[in-house]
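S.K.: Here is my input, please return the structure:
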Amino acid sequence: MIAGHFGFAAIVKSREPQVPLWSLMLATVWLDIVFIPLLVMKIETFKPVPGTLGGYGENIIYADYTHSLLGALALSAVFGLIFAPFWGKRCAIVLGLVSFSHWLLDLIVHRHDMPILPGNLGRLPTLGFGLWQLKAASVLLELLLVLLGAWYYWRAARVVATATQRGRRRAIVAAVLILLCGVIVLALDATGIAG
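M.R.: Predicted coordinates for the structure are as follows:
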């Protein structure tokens, strides 16, 4: 869901122009950024679904802290609070919500591997709708998010460029880059070329 996360960030940018695009892109993958050191320390792990090679959507992810419901809420709040002193309350709230959107999008694609409480405390049922089990459907969902992100970003940037009478070329270039990079990342992820 990497490309899908970035597509969603571009959609939000079209609605919240005061929030820098880079911060939205960072927010949307914040949970995975925190996941990486925990993965290196073997606190959080993943393993291939039995009978698969562990490619696109074929892993069970044990991100019991970063991708637990409560953990994601806490990490998203922290992310938003980091930017509050610099850009104000509204931007902080937007960034916190975009960060939490990562968990919501993951809920759609993940198998039942997302705990409610950090560390899967209490061994409550784990969550995940499992769209990854239908590879074509999950790829189409991500592609849709990328296409919508590029489209909405371009439309919003075009309005700003028209109003200011400058930046039209930059708006087109940025939208095309969102589209191309999103499609390339999705293709690399879905085909397993990137690992």
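
S.K.: What sits closest to the residue nearest to the spatial centre of the chain if chain neighbours are left out?
M.R.: Closest to where the C-alpha atoms of the chain average out (Cα atoms, centre = their mean) is residue 5, at 2.7 Å. Excluding its sequence neighbours, the residue lying closest to residue 5 (Cβ to Cβ, 6 or more residues apart in numbering) is residue 28, at 4.2 Å. For the C-beta atoms, the positions are set from N, CA and C on the backbone; glycine is no exception.

S.K.: ok, the one you found - contacts?
M.R.: By Cβ atoms under 8 Å, 6 or more residues apart in numbering, residue 28 lies in contact with 5, 6, 8, 9, 98, 99, 101, 102.

S.K.: got the contact list for the third one?
M.R.: Under the criterion of Cβ under 8 Å, 6+ apart, the contact partners of residue 8 comprise 28, 98, 101, 105, 145, 149.

S.K.: before we move on, what about the second one?
M.R.: By Cβ under 8 Å, 6+ apart, residue 6 lies in contact with 25, 28, 29, 146, 149, 178, 181, 182, 185.

S.K.: my guess is the third one meets residue 5, correct?
M.R.: Right, residue 29. Yes: look at residue 29 against residue 5 with Cβ atoms under 8 Å: they come within range, at 5.7 Å.

S.K.: Name the residues contacting each of those two.
M.R.: Common neighbours of residue 29 and residue 5 (Cβ under 8 Å, 6+ apart) are residue 102.
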